[in-house]
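[1] Fold the stuff below for me.
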Amino acid sequence: MSELATLARPYAEAVFKRAKESGSSQEWSDTLAFLSAIMQDESLAAIVNNPRVDQDRLTALLLDICQEQMNGEANNFLKLLIENGRLNIAPQIAELFEKYKAEDEGYVDVDVITAYALTKAEEQSFTTSLKKKLNKKVNINSSIDKSLIGGFLVKAGDSVIDGSISGQLQQLAKRI
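    From the prediction side, this is the model:
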């Protein structure tokens, strides 16, 4: 796990715990996604990382930017991140929060990469098969990678299922 993820973990855990207590998981999910998005803006990141911008000015600027997207608790969380110099890890906090939320709600995001576009029937078949295999609800994100030649590559968390022709050729080459 990266250093940033290690720094982000206590924040993500605290936010997740608070979201569970208040029944506001989706609201926090949206808030953290918004914070993550604004922190990926290069011009804003330059301001955040500029040592000449004091905390009060930075807080005022970000609260102004986020005013319609965040409630009082989220504003306090933003102030805490600024005060602790941890605003730059907002994307990692959002990512960890989504993992905790998915685990709690019993679903998993799965990336299915195929050589050709899946039909609705094929995607439904994948969803059903993965749901049985993983014992969780499945959200599929499909993408196309022509280099697979044929077949599929499935990524669910730390698990990878390589049913692609290129993967089989690589395994064959290793055996030889």
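
[2] what residues does the helix or strand encompassing residue 131 touch?
    Assigned by DSSP states H and E, residue 131 belongs to helix 120-134. For helix 120-134, the surrounding residues in contact (C-beta atoms under 8 Å, 6 or more residues apart in numbering) are 108, 110, 112, 118, 137-138, 140, 142, 152, 154, 156. Bear in mind the C-beta positions are built from the backbone N, C-alpha and C, glycine included.

[3] Tell me the buried residues in it?
    For helix 120-134, the neighbour count (16 or more other C-beta atoms under 10 Å) marks 126-127, 130, 134 as buried.

[4] again, but for stretch 81-91
    Applying 16+ other C-beta under 10 Å to stretch 81-91 flags 81-82, 86-87, 89-91 as buried.

[5] I'd like the mean pLDDT over stretch 21-34, please.
    For stretch 21-34, mean pLDDT is 92.

[6] list the buried ones in that stretch?
    24-25, 28-29, 31-34.

[7] what distance separates the helix holding residue 131 from the middle of the whole chain?
    22 Å (C-alpha atoms, centre = their mean, to the nearest Å).

[8] Kind regards, and thank you for your time.
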